[in-house]
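Novice: just coords:
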Ligand code: ADP
């Protein structure tokens with residue numbers, strides 16, 4: 001939704017009129033600007049959508065009194081995981097650390113999710129987990145990832161309908177880079193997505209671009 005758009009001259013004028021005279025009908029705003037109601041319609045739609053104005057049937061437009069920062073916060077608090085998540089990259093718990101490293105490079109991700117034979121989440125592998133296992137270890141092809149991964153129940157997960165702002169909080173609080181997006185079943189968690197600092201940065205940019 002458009003929220004923090006930059007207003008044009010006419011929209012600023014409309015805002016001023018409504019601030020001083022609201023509630024005021026579209027027709028009366030048009031009269032004051034010597035324009036037709038039809039000419040004003042797109043501007044009024046934008047101002048309403050952006051949250052600056054509210055409209056009540058038969059009463060007219062009134063100013064919501066919300067600042068740009070308030071509107072930005074409101075739109076931030078509406079962003080959902082499902083609209084910004086990426087495809088998860090998973091490896092089986094029996095693959096070697098060597099293969100996990102190769103997968104991380106091939107798939108170009110910083111976090112791998114580890115699943116069991118039933119495709120249920122059992123662990124997480126970060127870059128540093130794999131680096132740590134590699135230091136001084138010659139047998140990376142013989143070392144299964146389930147020895148070195150962070151394992152359940154110590155994995156922070158999220159759901160697709162969670163708020164993105166909650167994910168931002170979790171990543172900072174837990175000092176991690178990514179969360180698996182999961183679907184809970186009777187047997188455990190199925191991994192359906194991946195949400196990372198990159199996804200959050202993208203959401204941040206998307207908000208800025210709405211200006
Ligand atoms: P890196 O180790 O590359 O800096 P992270 O900060 O994501 O990456 O990982 C730090 C540690 O936290 C690692 O040991 C990793 O296994 C673990 N970890 C990463 N993501 C999660 C998660 N969602 N839940 C629990 N632990 C995690």
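Specialist: Noted; the coordinates are in hand. Bear in mind the structure is a predicted one, so any value in this text is a computation, not a measurement. Residues are numbered from 1 along each chain as shown.

Novice: Work out the gap between the helix or strand of the chain with the lowest mean pLDDT and the centre of the chain.
Specialist: Sorting the helices and strands of the chain by mean pLDDT, DSSP states H and E puts helix 68-76 at the bottom, at a mean of 84. Between the centre of helix 68-76 and the centre of its chain there are 14 Å (CA atoms, centre = their mean, to the nearest Å).

Novice: cool, stretch 13-29 as well?
Specialist: Taking the mean of its C-alpha atoms, stretch 13-29 sits 35 Å from the chain's own mean (CA atoms, centre = their mean).

Novice: what residues does it touch?
Specialist: 7, 32-33, 37, 40-41, 43-44, 47, 52-53, 56, 59-63 (CB atoms under 8 Å, 6 or more residues apart in numbering). Yep, even glycine has a C-beta here, placed from its N, CA and C like the rest.

Novice: average pLDDT across it?
Specialist: Averaged across stretch 13-29, the pLDDT comes to 93.

Novice: Nearest the geometric middle of the protein, what residue?
Specialist: residue 164 (4.2 Å; CA atoms, centre = their mean).

Novice: Show the contacting residues for residue 145.
Specialist: Neighbour list for residue 145: 91, 93, 94, 95, 96, 97, 100, 112, 114, 123, 125 [criterion: CB under 8 Å, 6+ apart].

Novice: Can you list phi and psi of the last one for me?
Specialist: The phi/psi pair for residue 125 (degrees, to the nearest 10) reads phi -120, psi 120.

Novice: Excluding sequence neighbours, find me the nearest residue to it.
Specialist: residue 112 (4.4 Å; CB to CB, 6 or more residues apart in numbering).

Novice: Helix, strand, or coil at that neighbour?
Specialist: Secondary structure, DSSP: H, G, I helix; E, B strand; the rest coil: residue 112 is strand.
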